[in-house]
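K.L.:
Could you work out the structure for the sequence below:
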Amino acid sequence: MHQCGAQGYGRVVEGKAEHDNFTSWYQAEDLQKKIFTLYIKHREHVNNWDLIDGSARIVVGNYLKNKDKSLLYKLAKSKSLWDRRIAMISCYSFIKEKDFDVALDIAKALLNDTEDLI
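P.N.:
Residues are numbered from 1 along each chain as shown. Coordinates of the predicted model:
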């Protein structure tokens, strides 16, 4: 997957995230870690609303559920709109589990963001 071009990588992530069985397929911890690592390493290719909204909550949010969430705070401070969007959308996984703390922290950090749709 890492050998795909920028568009190819994004389409792989988008396609998998939208696939009906992706969530159940993605439950294996070792696979989650590999996909999460690849996603973060190549996130410059995850660079539009559809890709992020369809993948960040599953790939990043689900992986970080019971882990250190400092990466999200780092992404929320990024100059990249897409990194900030990944940080916020990833929080959906925590909200779904009624864990609002990180989502509220990230939302506060982005409250005065210059991008109106962040």
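K.L.:
So, low pLDDT: which residues of the protein?
P.N.:
1-27 (pLDDT under 70).
K.L.:
in it, which residue is closest to the centre?
P.N.:
residue 56 (2.4 Å; C-alpha atoms, centre = their mean).
K.L.:
That one - nearest residue in space that isn't next to it in sequence?
P.N.:
residue 89 (4.0 Å; C-beta to C-beta, 6 or more residues apart in numbering). For glycine as for every other residue, the C-beta is placed from the backbone atoms N, C-alpha and C.
K.L.:
Equivalent analysis for residue 72, please.
P.N.:
residue 87 is the one closest to residue 72 (C-beta to C-beta, 6+ apart), at 4.6 Å.
K.L.:
and the host helix or strand of that neighbour, how far out from the chain's middle?
P.N.:
For residue 87, the host element (DSSP states H and E) is helix 81-90. From the chain centre to the centre of helix 81-90 is a distance of 7 Å (C-alpha atoms, centre = their mean, to the nearest Å).
K.L.:
Quick one: list the elements packing against it.
P.N.:
helix 49-56, helix 70-76, helix 101-109 (3 or more C-beta pairs under 8 Å, 6 or more residues apart in numbering; DSSP states H and E).
K.L.:
which one of the ones you listed lies closest to residue 82?
P.N.:
helix 49-56 (6.2 Å; C-beta to C-beta).
K.L.:
Flag every buried residue along the closest one.
P.N.:
51, 52, 54, 55, 56 (16 or more other C-beta atoms under 10 Å).
K.L.:
okay if I get the residues you listed as JSON lines plus distance to residue 66?
P.N.:
Below are these laid out as JSON lines (distance: C-beta to C-beta, whole Å):
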{"residue": "51", "distance to residue 66": "25"}
{"residue": "52", "distance to residue 66": "22"}
{"residue": "54", "distance to residue 66": "23"}
{"residue": "55", "distance to residue 66": "20"}
{"residue": "56", "distance to residue 66": "17"}
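K.L.:
which one of those sits closest to residue 39?
P.N.:
residue 55 (7.2 Å).
K.L.:
Surely that closest one touches residue 46?
P.N.:
Yes: if you go by C-beta atoms under 8 Å, residue 55 and residue 46 touch, sitting 6.7 Å apart.
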